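based on what follows, work out the 3D shape:
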Amino acid sequence: MNIETEFFTLRQLGDGVYAAIAKPGQGAWSNAGFVDLGEELLVFDAFSTISAAQSLKQIAEKLTSKKVKYLINSHYHGDHVFGNQVFIDAVIVSTALTRKWSIEQNVIKDIES
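Next up, the predicted model:
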């Protein structure tokens, strides 16, 4: 099963396991995915834009009939975490170092530029 969106192609990898493969230049930038854990829904990475993250969340919740419970951040790069705000109701899981670097490295230091 493949589902095409503006931002990614969703592929089912196994029972309840889906990969969202980014389309170049469309606002996703990196790959993401989700896993139906049975009682709960886990999303892996949140893409680089709010629009791509919203699309991922909507499809995941529609396909599984569950609300996203967990969002895993694999690392701090913006193409994996800038969509985090879409998952405000989810528990965001990362290493302490990923959280620290997200706070330190993902700051626009010179807004004028």
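
from here on, just use CA atoms for contacts and neighbour counts.
Noted.

may I ask you to name the longest helix in this protein?
helix 50-64 (DSSP state H).

residues of that one that come out buried?
Using 16 or more other C-alpha atoms under 10 Å as the test for burial, helix 50-64 gives 50, 51, 52, 53, 54, 56, 57, 60, 64.

same for it, what does it pack against?
strand 32-36, strand 41-44, strand 68-72 (3 or more C-alpha pairs under 8 Å, 6 or more residues apart in numbering; DSSP states H and E).

name the residues that touch stretch 40-56?
5, 7-8, 20, 27-36, 57, 61, 64, 66-74, 78-86 (C-alpha atoms under 8 Å, 6 or more residues apart in numbering).

show me what contacts residue 86?
Residue 86 neighbours (C-alpha under 8 Å, 6+ apart): 50, 53, 54, 57.

rerun at 10 Å
46, 49, 50, 51, 52, 53, 54, 55, 56, 57 (C-alpha atoms under 10 Å, 6 or more residues apart in numbering).

what's the answer for residue 36, then?
So residue 36 contacts 15-18, 42-43, 60-61, 63-66, 68 (C-alpha under 10 Å, 6+ apart).

in the sheet, who's paired with it?
residue 41 (DSSP bridges).

any idea how far it is from residue 68?
9 Å (C-alpha to C-alpha, to the nearest Å).

joint contacts of these two?
Common contact partners of residue 36 and residue 68 (C-alpha under 10 Å, 6+ apart): 42, 43, 60, 61.

what's the closest of those to residue 99?
For the shared contacts of residue 36 and residue 68, the residue nearest residue 99 by C-alpha to C-alpha is residue 43; the value is 16.9 Å.

how about JSON lines for the shared contacts of residue 36 and residue 68, with pLDDT and distance to residue 91 added?
Formatted as JSON lines, the shared contacts of residue 36 and residue 68 follow (pLDDT from 0 to 100; distance: C-alpha to C-alpha, whole Å):
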{"residue": "42", "pLDDT": "98", "distance to residue 91": "9"}
{"residue": "43", "pLDDT": "98", "distance to residue 91": "10"}
{"residue": "60", "pLDDT": "98", "distance to residue 91": "16"}
{"residue": "61", "pLDDT": "98", "distance to residue 91": "15"}
